[in-house]
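J.: With the sequence up front, the predicted model follows.
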Amino acid sequence: MCRVGCPELVLLALSLLAAGLPLQAQTGDFCGLVVEESQTQVADAEVHLFAADGTEPLATTTTDARGEFCFRGLAAGSYAFQVAKKPWPAQPRHSVEVLAGDTSLRKVELEYEPGEPRASFAESLDGLGPDDRRAVLEALLVAGDTQSLSELARRLVPKRSVAIELGRLTRGLETRRLVDELIRWLERGYLPPLKTARFVHALGELGTPEDDRIITLLLRKLTDGRRLPPGNYVTWAGLYDPARQYYVSDEALLALTKLSGKDFNYELGRSPLANQRAIENAREWWRQEVAKKSERERRP
């Protein structure tokens, strides 16, 4: 690993001069801005530059107080780069094309939970204005095909807040297939805590008390004791406070309360283990609701 201005890049520049090629015409710059998902600029993040298929960094630099960085005098061609800073987990690599005599510019978001579904802030519903949110929701819900619903779920990933108010935005639109897509994401396998919490919250916004699938899923998620990752986003208690605890189960409880209208004496910010009595209250409520439903169906 070497820093900007490392011997490999200096030797490359000297070889171009020795070949009689104008250095400025053969090289370009790559500069960028590193932000977290809420769009706050991130200082002192390491940015590693690789050859397109390389495993060892060609150069490394650090973002300044404004979150900006630059690699200068790069040979024109394809590269990859990766940003790192604690406490963020390992970040994905990104590709960049450097053009001779030009500066390539990139904005990179440090992701709290790297992996799919993934959306940049500008693509996400958090990053859209109210009118644009409605337009995107309407277009994708009206299309209603698998690709459109997957795209809508992708745009739902959290950026500035765990919660997102979908009820008002989707008024007059058919949302059942979006609910199906959210349930598929929650049940198909591993979905990290923050994205799970957002999707669970969305079910509380879109569901009805009569939808057995949603209620039973929320009851299961009451025991999801995974902590939400640290970050600069809004939780049920306000801006994320590292001195407090936030769980997936909190959002499941809030969604269940919204749908049921019941207070189960659940204490937010405490683990499912510490809320066993409240969880049993919720399960008992649902057993009674199922029994009432069965009784109504048996009546002539």
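T.: Okay, I see it.

J.: Who are the contact partners of Leu99?
T.: 28, 76 (CB atoms under 8 Å, 6 or more residues apart in numbering). Glycine gets a C-beta too; all of them are placed from N, C-alpha and C.

J.: Tell me the helix or strand right after the longest strand seen in the chain.
T.: Counting residues, the longest strand in the chain under DSSP state E turns out to be strand 27-36. Where DSSP states H and E defines the elements, the next helix or strand beyond strand 27-36 is strand 46-51.

J.: Buried residues of the longest strand of the chain, list them for me.
T.: By neighbour count on 16 or more other CB atoms under 10 Å, the buried set for strand 27-36 is 27-30, 32-36.

J.: what does stretch 175-187 give?
T.: In stretch 175-187, the ones that count as buried by 16+ other CB under 10 Å are 175, 178-179, 181-183, 185-186.

J.: Among these, name the ones in helices.
T.: If you go by DSSP state H, the buried residues of stretch 175-187 have 178-179, 181-183, 185-186 in helices.

J.: Closest one to Asn281 out of the residues you listed, please.
T.: Leu186 (22.9 Å; CB to CB).

J.: what's the spacing between the closest one and Glu210?
T.: For Leu186, the distance to Glu210 equals 19 Å [CB to CB, to the nearest Å].

J.: try Asp145
T.: On the measure of CB to CB, Asp145 and Glu210 end up 26 Å apart.

J.: Kindly report the same for Ala51.
T.: For Ala51 relative to Glu210 (CB to CB), the value is 57 Å.

J.: same check, this time on Gln26
T.: In terms of CB to CB, Gln26 sits 68 Å off from Glu210.

J.: Name the residue in those two with the higher neighbour count.
T.: The neighbour comparison of Gln26 against Glu210 (other CB atoms under 10 Å) goes to Gln26, with 18 against 10.

J.: pretty sure that one is touching Gly73, no?
T.: No - at 9.6 Å, Gln26 and Gly73 do not qualify as touching, with contact defined as CB atoms under 8 Å.

J.: thinking again about what came up before, dump the ones in helices among the buried residues of stretch 175-187 to JSON lines, plus pLDDT and distance to Arg168.
T.: Below are these laid out as JSON lines (pLDDT from 0 to 100; distance: CB to CB, whole Å):
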{"residue": "Leu178", "pLDDT": "94", "distance to Arg168": "15"}
{"residue": "Val179", "pLDDT": "95", "distance to Arg168": "16"}
{"residue": "Glu181", "pLDDT": "95", "distance to Arg168": "20"}
{"residue": "Leu182", "pLDDT": "96", "distance to Arg168": "18"}
{"residue": "Ile183", "pLDDT": "95", "distance to Arg168": "22"}
{"residue": "Trp185", "pLDDT": "95", "distance to Arg168": "23"}
{"residue": "Leu186", "pLDDT": "96", "distance to Arg168": "23"}
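
J.: wait, which of those residues is closest to Glu97?
T.: Trp185 (32.8 Å).

J.: mind listing the helices for this protein?
T.: 7-18, 23-26, 130-143, 146-155, 176-187, 193-206, 212-221, 248-260, 276-298.

J.: Nearest to Tyr240, out of those helices?
T.: helix 193-206 (10.1 Å).

J.: Tell me what angle the closest one forms with helix 176-187.
T.: Following axes from the mean of the first three to the mean of the last three CA atoms, to 10 degrees, one obtains 150 degrees for the angle between helix 193-206 and helix 176-187.

J.: what's the offset of helix 193-206 from the middle of its chain?
T.: The chain centroid and the centroid of helix 193-206 are separated by 12 Å under CA atoms, centre = their mean, to the nearest Å.

J.: Show me what counts as buried in it.
T.: Residues of helix 193-206 classed as buried: 193-206 (neighbour count, 16+ other CB under 10 Å).

J.: do the same with stretch 275-294
T.: Buried, per 16+ other CB under 10 Å, within stretch 275-294: 275, 278-279, 281-282, 285-286, 289.

J.: Among those, which has the minimum pLDDT value?
T.: Across the buried residues of stretch 275-294, the smallest pLDDT goes to Glu289, namely 92.

J.: And the closest residue to Thr208 other than its chain neighbours, what's its pLDDT?
T.: Using CB to CB, 6 or more residues apart in numbering and skipping the chain neighbours, the partner closest in space to Thr208 is Leu259 (7.1 Å). Note on Leu259: pLDDT of 94.

J.: From Ala252, how far off is Leu259?
T.: From Leu259 to Ala252 the distance is 11 Å (CB to CB).

J.: Compare these two (neighbour count), which wins?
T.: Set side by side, Leu259 and Ala252 show more neighbours around Ala252, with 28 against 20, by other CB under 10 Å.
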